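Trainee: pasting the sequence and the predicted model now:
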Amino acid sequence: MAIIFGGKVDFTIGRGKTILKMGKFKIKSVYFLDSFCKYENLKNDSRFSHAVVYAGGVLFNLLTIFIINGLIMANILPEDIFCYQFVYFSVYYVIFSLLPIQYTETSASDGRAIYNVLRYGKTCDPD
């Protein structure tokens, strides 16, 4: 979403020491624990645009939920356990991602980041 708003993006998967870096993409030693997208210089630098950037993962998951369910209803995808499990866990991701939780001093859930930027105008910098 930050790219859509004209921002410069660094994407990181995991926490801990960096084990692989390719341009603006990093994989850290504890790769399964967390991920985040650090961005800067949005062309439209407003509270709303920052909130939409933080909601990008949730919006993408909601979009995939509707697409997969639509493809199942149109009989393009089969009614199998893989599709249902994907949608099931995507719904959980959306719910838990929107809970306003402050994990550490510099790391917050998407819901908390959205709350902070809309209420206080404070952006989140996970580094």
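Mentor: All right, it came through fine. Numbering: from 1, shown residues only.

Trainee: every contact and neighbour count from this point should use C-alpha atoms.
Mentor: OK.

Trainee: how far away is the closest residue to Asn41 other than its chain neighbours from Ser49?
Mentor: Closest residue in space to Asn41, ignoring its immediate chain neighbours: Gly7 at 5.0 Å, by CA to CA, 6 or more residues apart in numbering. According to CA to CA, to the nearest Å, Gly7 and Ser49 sit 11 Å apart.

Trainee: how is this protein partitioned into domains?
Mentor: 1-42, 46-122 (automatic domain parsing).

Trainee: for the lowest-mean-pLDDT helix or strand in the chain, give me every contacting residue.
Mentor: Ranked by mean pLDDT, DSSP states H and E, the weakest helix or strand in the chain is strand 25-40, scoring a mean of 81. With contacts defined as CA atoms under 8 Å, 6 or more residues apart in numbering, strand 25-40 is touched by 2, 7-21, 125-126.

Trainee: among the residues you listed, which ones are buried?
Mentor: Ala2, Gly7, Val9, Thr12, Ile13, Gly14, Arg15 (16 or more other CA atoms under 10 Å).

Trainee: and the residues you listed, which is closest to Thr106?
Mentor: Arg15 (12.7 Å; CA to CA).

Trainee: neighbours around Asn69, how many?
Mentor: 17 (other CA atoms under 10 Å).

Trainee: where's it, which helix or strand?
Mentor: Using DSSP states H and E, the element containing Asn69 is helix 56-73.

Trainee: can you list contacts of that helix?
Mentor: Contacts for helix 56-73 (CA under 8 Å, 6+ apart): Met1, Leu77, Pro78, Glu79, Cys83, Val87, Ser90, Val91, Tyr93, Val94, Ser97, Leu98.

Trainee: ok, 6 Å please
Mentor: Met1, Leu77, Val87, Ser90, Val94 (CA atoms under 6 Å, 6 or more residues apart in numbering).

Trainee: for the domains of the chain, which has the smallest mean pLDDT value?
Mentor: Across those, domain 1-42 has the smallest mean pLDDT, namely a mean of 83.

Trainee: convert the C-alpha atoms of the helix or strand containing Ser97 to PDB, please.
Mentor: Using DSSP H and E, Ser97 falls within helix 81-98. This file holds the C-alpha atoms of helix 81-98, laid out as PDB (Å, rounded to 0.1, in the frame of the first residue of the first chain):
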ATOM      1  CA  ILE A  81     -10.100 -28.400   2.800                       C
ATOM      2  CA  PHE A  82      -7.200 -26.300   1.500                       C
ATOM      3  CA  CYS A  83      -9.400 -23.400   0.400                       C
ATOM      4  CA  TYR A  84     -11.500 -23.500   3.500                       C
ATOM      5  CA  GLN A  85      -8.400 -23.600   5.800                       C
ATOM      6  CA  PHE A  86      -6.900 -20.700   3.900                       C
ATOM      7  CA  VAL A  87     -10.000 -18.600   4.300                       C
ATOM      8  CA  TYR A  88     -10.400 -19.700   8.000                       C
ATOM      9  CA  PHE A  89      -6.900 -18.700   8.900                       C
ATOM     10  CA  SER A  90      -7.100 -15.500   6.900                       C
ATOM     11  CA  VAL A  91     -10.200 -14.500   8.900                       C
ATOM     12  CA  TYR A  92      -8.200 -15.100  12.100                       C
ATOM     13  CA  TYR A  93      -5.300 -13.100  10.800                       C
ATOM     14  CA  VAL A  94      -7.700 -10.200  10.100                       C
ATOM     15  CA  ILE A  95      -9.200 -10.300  13.600                       C
ATOM     16  CA  PHE A  96      -6.000 -10.600  15.500                       C
ATOM     17  CA  SER A  97      -4.200  -8.100  13.300                       C
ATOM     18  CA  LEU A  98      -6.800  -5.500  14.100                       C
END
